[in-house]
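Student: Okay, structure incoming, though there's no sequence with it:
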């Protein structure tokens, strides 16, 4: 058995968890699957002799989601001391005190403190100045990082606001759309999704066949369409799938996703 963790893009609600789990568990060789909408991630255990992660991802992506493997942490091996036949380091010793030191810097500091009294105070002052300079540098660096973060947040907020305005304008321009009529009097409608179905209001003629397609911007459970008052319920797994029906009564009705979270209006004239 192999267990792999992965990230998922495109989940819009907790119902997406159930959809993805069902799709994965339907693959031959899959032992178990767990999906988390909150973490946008999943974990699957499968027999590598019967399937592989690529096949599993393909089944999930057929519903409009995107999957990405989480890389396994790399374990760095410690060097083997027996393999490094390096000579022992030279002995660092104060000949006056007959005392060993770990580094040459430690020996120099010892000599300055014990054997060169005249230079001790100068060395101490230099150390203090160096420490003060280091503290100033760290303070300035932290201040620069905080300033950069604040500027980045402001820029991101401005871009998001501009995007929201343009999206609203696009939805308002596409508020009402009549069906395109092709051969055999079939009324064809294409729906997209941007924080809601668009066009949000559509018009069709009664007693003439209707075909609704959902483009690639519609993902997850939003690809299930329900018009309860007209007895219509269908799922479009890809932009080429069509939800077909013939409205037999006139009026203004509500269409929605299968969960009722996203809604629109269909006018039958």
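Tutor: Done, it's in. Computed from a prediction, not measured in an experiment: that's the story for all the values here.
Student: Excluding chain neighbours, what is closest to residue 197?
Tutor: The spatially closest residue to residue 197, leaving aside those adjacent along the chain, is residue 264, at 4.5 Å (CB to CB, 6 or more residues apart in numbering). Just so you know, the C-beta spots here come from the backbone N, C-alpha and C atoms, and that holds for glycine as well.
Student: what's the spacing between the one you found and residue 54?
Tutor: As judged by CB to CB, to the nearest Å, residue 264 and residue 54 stand 36 Å apart.
Student: Counting neighbours, go ahead and name the busier of those two.
Tutor: Neighbour tally, residue 264 and residue 54, criterion other CB atoms under 10 Å: the higher count belongs to residue 264, 19 against 9.
Student: coming back round to it: the strand or helix carrying the residue nearest to residue 197 - contacts with which helices or strands?
Tutor: Assigned by DSSP states H and E, residue 264 falls within strand 263-268. Counting contacts by 3 or more CB pairs under 8 Å, 6 or more residues apart in numbering; DSSP states H and E, strand 263-268 is packed against strand 201-204, strand 251-257.
Student: Show me the contact partners of that strand.
Tutor: With CB atoms under 8 Å, 6 or more residues apart in numbering as the test, strand 263-268 has contacts from 191, 196-197, 199-206, 227, 230, 247, 249-256.
Student: Quick check on these: which are buried?
Tutor: Buried residues within these, counting neighbours by 16 or more other CB atoms under 10 Å: 191, 197, 199-205, 227, 230, 247, 253, 255-256.
Student: Tell me which two of the residues you listed sit farthest apart.
Tutor: Maximum pairwise distance among these (CB to CB): 21.8 Å, between 205 and 256.
Student: right, and residue 213 touches residue 189 too?
Tutor: Yes - in this structure, residue 213 is within contact of residue 189 by CB atoms under 8 Å, at 7.4 Å.
Student: More neighbours: which of the two?
Tutor: Taking other CB under 10 Å, residue 213 and residue 189 do not tie; residue 189 has more neighbours (20 against 16).
Student: which SS state does the more buried one fall under?
Tutor: What DSSP: H, G, I helix; E, B strand; the rest coil gives for residue 189 is strand.
Student: Going along the chain, name the strands of the stretch 1-150 of the chain.
Tutor: Applying DSSP state E, counting those that start in this stretch to the stretch 1-150 of the chain gives strands spanning 2-9, 30-36, 41-46, 66-69, 93-94, 99-100.
Student: neighbours of residue 229, just the number please.
Tutor: By other CB under 10 Å, the residues close to residue 229 number 14.
Student: Not counting sequence-adjacent ones, nearest residue to it?
Tutor: Nearest non-adjacent residue to residue 229, counting by CB to CB, 6+ apart: residue 253, 4.5 Å away.
Student: Which residue ranges of the protein form helices?
Tutor: With DSSP state H as the criterion, the chain has helices at 14-25, 53-61, 104-114, 117-173.
Student: pLDDT averaged over the third one - what is it?
Tutor: Spelled out, that is helix 104-114. Averaged across helix 104-114, the pLDDT comes to 75.
Student: Just the buried positions in that helix, please.
Tutor: Neighbour counts over helix 104-114 (16+ other CB under 10 Å) mark 107, 112 as buried.
Student: Now for the protein, the helix or strand with the poorest mean pLDDT.
Tutor: One helix or strand of the chain scores below all others by mean pLDDT, DSSP states H and E: strand 176-178, with a mean of 51.
Student: Low-confidence ranges, the stretch 101-250 of the chain, go.
Tutor: Low-confidence segments of the stretch 101-250 of the chain, defined by pLDDT under 70: 101-102, 115-140, 164-184.
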